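1. please find the sequence and the predicted model below.
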Amino acid sequence: MRLLIVEDKAKMADLLRRALQSEGFATDVASRGEDALWMAGSTRYDAIILDVMLPGIDGFETCRRLRALIRRRRGERPVVLEVGDLVLDPATRQVWHRGVSVDLPGKCLALLDAFMRRPGVVLSR
């Protein structure tokens, strides 16, 4: 079972992670709501442990967005990707930065999609 822990207090997050790993759970940790959203967009979790008092996007808003993400997955619609202030909807090929629409040519959209689907991964040419 794969779990995501969303907790901004490092000691608490580490305590939860170690306890759950000792019980055989695979765990990932996010310290901000924004991080949790992109992690949940790229990895399927069986459960998410979510603190409500988070910096940036609070736990309640993070929960609403996670639920929307789950609903989209059920409908087999491509996930709306969010990394920081950047949002990409692959289905409509629309991009927003801080809520402002950004027009990108097709090749740029394809590259952006590839990078946003694999955050933190070095991609070869």
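-> That came through, no problem.

2. switch to C-alpha atoms for all contacts and neighbour counts from now on
-> Will do.

3. where's the residue nearest the centre of the chain, which helix or strand?
-> By Cα atoms, centre = their mean, the chain has its centre lying nearest to Trp38, at 1.8 Å. Assigned by DSSP states H and E, Trp38 belongs to helix 33-42.

4. for that helix, name the packing helices and strands.
-> Counting contacts by 3 or more Cα pairs under 8 Å, 6 or more residues apart in numbering; DSSP states H and E, helix 33-42 packs against strand 2-6, helix 59-74, strand 81-83.

5. what does the helix or strand following that helix contact?
-> Per DSSP H and E, the first helix or strand lying C-terminal to helix 33-42 is strand 47-50. Contacts with strand 47-50, where a contact means Cα atoms under 8 Å, 6 or more residues apart in numbering, come from Arg2, Leu3, Leu4, Ile5, Val6, Glu7, Gly59, Cys63.

6. ok, the first one - contacts?
-> Going back to what we said before, that points to Arg2. With contact set as Cα under 8 Å, 6+ apart, Arg2 has these partners: Phe25, Ala26, Thr27, Asp28, Arg44, Tyr45, Asp46, Ala47.

7. pick the one among those closest to Ala110.
-> Ala110 has its nearest neighbour among the contacts of Arg2 in Arg44, at 22.4 Å by Cα to Cα.

8. the closest one: neighbouring residues, count only.
-> Burial of Arg44 is recorded as 12 neighbouring residues (other Cα atoms under 10 Å).

9. done for today, thanks.
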